[in-house]
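Asks: here is my input, please return the structure:
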Amino acid sequence: MKSTLLTSLAFSPLALAIALHSQADAVELDTVTVSADFRNAELQTTSDSISVINTELVEQRNARHMEDLVARIPNMNASAGSSRGKYYQIRGIGERSQFVEPLNPSVGTYVDGVDFTGFAGAATLLDVEQVEVLRGSQGTRFGANALAGVVNVKSAEPGSEVPGYIKLYAEDFNGYGMQVAHGGAITDKLLYRAAIGKSVSDGYIENTTLDKKNTNNIDELSSRLKLRWLGSEDLSIDLTALYLDIDNGYDAFSLDENRKTRSDEPGHDRQESKALTLNSNWKINDAVSMEAILASSRNDIEYGYDEDWTDPDFQPGYQAFDNYQRDLNRDSIELRWLSGSEGRVLNSDWLFGVYHQTSELDLTRDYTYDSLYQSEYQTNSSSLYFEINTSLSDSLLLNYGLRYEQWNSEFEDSLAIKGDNDESLLGGMLSLEYSSVAGDLYYASITRGYKAGGFNGTNDLPDESNRSFDTEYQWNYELGTKLSGLTGRLNNHISVFYIDRKDLQLKSSTPVDNGNGGVSFIDFIANAGEGFSYGLELETEYLATSKLSLALSLGLLKTEITQHDNPDQDQFSLEGRETAHAPEYTYSTSAKYNVTDQWFIIAEVEGRDDFYYSDSHNFRSEEYDLVNAKIGYDQGIWQVALYGKNLTNENYGTRGFAGWDADPRSGDGFDETEFEQLGSPTLVGIEGRYNF
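Replies: Numbering: from 1, shown residues only. Predicted coordinates for the structure are as follows:
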């Protein structure tokens, strides 16, 4: 075992729980409902590997963005290379960045029904009810952009029992913020929920060239209005309006492997999003219900950075800035028909749906050493799907479903490169569930997921045959159990899985001398062969007593690229290597102790194994363990707390690059050096909340 801390800390809550078992009071864990699937269902009765993080845990971690929760999800990782860790990997599968190429992501991201897949900077956590992470292929439910899984962020509902509140915080690095939310009834048929939040920080980077400490800043505004019209007992209509204004800095890479940069042109990471969703639920009769979901978003996304990471005095021969401006319009409509109590057929519940999405993505790239580059990427996706749940006996349930998707994409750029892609995609699932008399669930499942093919928009490919790439697909085999015990005080979720990957879409980079003392990289995606992943996931919650609650999440993962046909023969082969951003273990453990009816203490330890940063080089992160803590006073109506993150001031990486010489101090000649973006050092803050 690489980390003795992993063993000693990850399992200590369970040992403590057993020791305190004799002191247990009559307390129970809350029931958790999953909303990301076709039908709302209790987490304990769902035959999927799903993690659910509720409002309490979001508050416990002082989380303001999805990146703050990744550590609590077994076998999940995030890649930075920007102001946030907003590129997700699940079970070793997922993208790590985006530059010129139009991406079809492996992990879907949804916020209140709005599809922000590929642009997860929008996953801020304003007034969140819960976050659901579905691991494994979701080819039936979500289709082409859910090869590895889905992140679903769900905010508080109109007229919900969640009280109105105002929340304030202040922390190191001039960090501060506010959230305000309130809901209720406008009339007896019209409910509302409104929320707005702002997060600001200078960031933890010091720019020595400009003598500034705010070049990697955070400045994020989130706002939301939700309305629910109760037309009758059988009809309700929900309207959600979302506005995001993100204006973050990006200045994160140092030549000296610390948090001091030399950039003379610090970058930025911006996103303005406006979105609307309309969701109607109509119970036609006792036999069938109908749901209609319309979603529309308009997004302006801009990402730019100082490519040389230095100033002209330090490196006069190589000064470059790279900027990417994207305009994304995305619209979708989905209709579903679901069986009711009188609509079962042959002892089966059924569901049938149709889905259509259009997406238009315009890119303008402004790079110092190239002329202005522009591209247009349009996709149209139409799907038919069904799911059937058949009761074989009182304790045995068979689930099966299919999704047929017609995918069309068109690409055109200012280099006169054009292409289109028409393909038929098929995903599905088959699972068998056994429910014991004690209420425990055991399941076995097979799912097939896919990720559509696409285009490489550059004129410096190793070969013109690399202009397009084909669909990647995978089979996911899983065994799992969800156990409850100790009269409702203990929940265990355990799953083991094996993933067989075909036609892997691997990103490669070819270095090209730009003739100005530096190296530019040509990124392209190619179907590079085959691979596999297998592992284990464990999540445990335990209420040891009415005062002490404990939690553990653990992910074990093994990945390998078994075949790699790299189209650029001058680059190294990945055959036999692990995939990027796939640590062999991830863990998180926490304990919350209520010292009195008002005072509480929370301690957390989390960590992960080392992992490769990229498929283009062999630079690895280092394993790490982080310690977080919180002490607070909860009077009911108001709360105040002091919190600390990374209390041991661990240096840990969130993104790494290698393969070119950006440091002139290394002397003449080309030396491949390694550069790493570091996560936050020790951070201490104070927060207060008032409920009304």
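Asks: run through the residues that contact residue 300.
Replies: 270, 271, 272, 273, 325, 326, 327 (C-beta atoms under 8 Å, 6 or more residues apart in numbering). (Glycine included, C-beta is placed from N, CA and C.)
Asks: which stretches of the chain have low pLDDT?
Replies: When residues are selected by pLDDT under 70, those of the chain lie in 1-28, 31, 36, 508-521, 566-572, 667-672.
Asks: beta partners of the most centrally placed residue in it?
Replies: Nearest residue to the geometric centre of the chain (C-alpha atoms, centre = their mean): residue 88, 4.6 Å. Using DSSP bridges, the bridge partners assigned to residue 88 are residue 78.
Asks: that one touches residue 108, doesn't it?
Replies: No: counting by C-beta atoms under 8 Å, residue 88 sits too far from residue 108 to count as a contact (9.4 Å).
Asks: shared neighbours of the two, anything?
Replies: residue 151.
Asks: ok, the residue nearest to the centre of the chain to residue 67 distance?
Replies: Distance of residue 88 to residue 67, given as C-beta to C-beta, to the nearest Å: 9 Å.
Asks: neighbours around the nearest residue to residue 584 once chain neighbours are set aside, how many?
Replies: Leaving aside its sequence neighbours, residue 584 sits nearest to residue 609 (C-beta to C-beta, 6 or more residues apart in numbering; 4.5 Å). Using other C-beta atoms under 10 Å, residue 609 has 22 neighbouring residues.
Asks: and the gap between residue 609 and residue 96?
Replies: With C-beta to C-beta as the criterion, residue 609 and residue 96 are 17 Å apart.
Asks: on the three-state scheme, the nearest residue to residue 541 once chain neighbours are set aside is what?
Replies: Leaving aside its sequence neighbours, residue 541 sits nearest to residue 491 (C-beta to C-beta, 6+ apart; 4.7 Å). When classified by DSSP: H, G, I helix; E, B strand; the rest coil, residue 491 comes out as strand.
Asks: quickly list what residue 491 is bridged to.
Replies: residue 484, residue 541.
Asks: got the contact list for it?
Replies: Residue 491 touches 29, 44, 482, 483, 484, 539, 540, 541, 542, counting by C-beta under 8 Å, 6+ apart.
Asks: how much space between it and residue 542?
Replies: The value you get for residue 491 to residue 542, if C-beta to C-beta is used, is 8 Å.
Asks: ranges for the strands of the stretch 501-650 of the chain?
Replies: All strands of the stretch 501-650 of the chain, identified by DSSP state E, counting those that start in this stretch, fall at 505-513, 519-527, 529-543, 548-564, 585-594, 599-608, 624-634, 638-645.
Asks: on that earlier part again, with secondary structure, distance to residue 530 and neighbour count added, can I get the contacts of residue 300 in CSV?
Replies: Below are those laid out as CSV (DSSP: H, G, I helix; E, B strand; the rest coil; distance: C-beta to C-beta, whole Å; neighbours: other C-beta atoms under 10 Å):
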residue, secondary structure, distance to residue 530, neighbour count
270, strand, 39, 19
271, strand, 36, 25
272, strand, 41, 15
273, strand, 37, 22
325, strand, 37, 16
326, strand, 32, 21
327, strand, 37, 15
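Asks: which residues does residue 270 bridge with?
Replies: Beta-bridge partners, per DSSP bridges, of residue 270: residue 247, residue 302.
Asks: ok, the contacts of residue 300 vs residue 374, which is closest?
Replies: Relative to residue 374, the closest of the contacts of residue 300 is residue 325; by C-beta to C-beta it sits at 9.5 Å.
Asks: residues contacting that closest one?
Replies: 300, 301, 302, 363, 364, 365, 366.
Asks: for the contacts of residue 491, which one is nearest residue 100?
Replies: Out of the contacts of residue 491, the member with the shortest distance to residue 100 (by C-beta to C-beta) is residue 539, at 38.7 Å.
Asks: tell me how many other residues crowd the closest residue to that closest one other than its chain neighbours.
Replies: Excluding the flanking residues, the one nearest residue 539 by C-beta to C-beta, 6+ apart is residue 493, at 4.4 Å. Other residues near residue 493 come to 23 when the count uses other C-beta under 10 Å.
Asks: again, but for the one 4 residues further on
Replies: Under the neighbour criterion other C-beta under 10 Å, residue 497 is assigned a count of 22.
Asks: please apply the same query to residue 436.
Replies: Neighbour count for residue 436, taken as other C-beta under 10 Å: 11.
Asks: ok, it touching residue 395?
Replies: Yes: using C-beta under 8 Å, residue 436 is in contact with residue 395, at 7.0 Å.
Asks: what residues are up against the residue nearest to residue 539?
Replies: Contacts for residue 493 were tallied using C-beta under 8 Å, 6+ apart; they are 43, 49, 480, 481, 482, 483, 537, 538, 539, 540.
Asks: can you list those residues in CSV and add distance to residue 688?
Replies: Output for the contacts of residue 493, formatted as CSV (distance: C-beta to C-beta, whole Å):
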residue, distance to residue 688
43, 31
49, 37
480, 41
481, 41
482, 37
483, 38
537, 36
538, 35
539, 31
540, 31
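Asks: ok, now which ones touch the closest residue to residue 332 other than its chain neighbours?
Replies: Spatial nearest neighbour of residue 332, chain neighbours left out: residue 357 (3.9 Å); criterion: C-beta to C-beta, 6+ apart. By C-beta under 8 Å, 6+ apart, the residues touching residue 357 are 115, 330, 331, 332, 379, 380, 381.
Asks: and stretch 54-62, how far from the chain's centre?
Replies: 17 Å (C-alpha atoms, centre = their mean, to the nearest Å).
Asks: then stretch 494-512?
Replies: Centroid displacement of stretch 494-512 relative to its chain, using C-alpha atoms, centre = their mean, is 17 Å.
Asks: give me the neighbour count for the closest residue to residue 193 other than its chain neighbours.
Replies: Of all residues not flanking residue 193 in the chain, residue 183 sits nearest, at 3.6 Å (C-beta to C-beta, 6+ apart). Other residues near residue 183 come to 21 when the count uses other C-beta under 10 Å.
Asks: tell me which other helices or strands the helix or strand containing residue 183 touches.
Replies: Assigned by DSSP states H and E, residue 183 belongs to strand 175-185. Where contact means 3 or more C-beta pairs under 8 Å, 6 or more residues apart in numbering; DSSP states H and E, strand 175-185 is packed against strand 165-171, strand 190-201.
Asks: cutoff 10 Å now
Replies: Applying 3 or more C-beta pairs under 10 Å, 6 or more residues apart in numbering; DSSP states H and E, one finds that strand 175-185 contacts strand 165-171, strand 190-201, strand 218-232, strand 683-691.
Asks: am I right that residue 44 falls within a helix?
Replies: Yes: under three-state DSSP, residue 44 sits within a helix.
Asks: residue contacts, it?
Replies: Contacts for residue 44 (C-beta atoms under 10 Å, 6 or more residues apart in numbering) come out as 29, 31-32, 34, 435, 439-441, 482-484, 491-493.
Asks: run through the bridge partners of residue 221.
Replies: Assigned bridge partners for residue 221, using DSSP bridges, are residue 198, residue 245.
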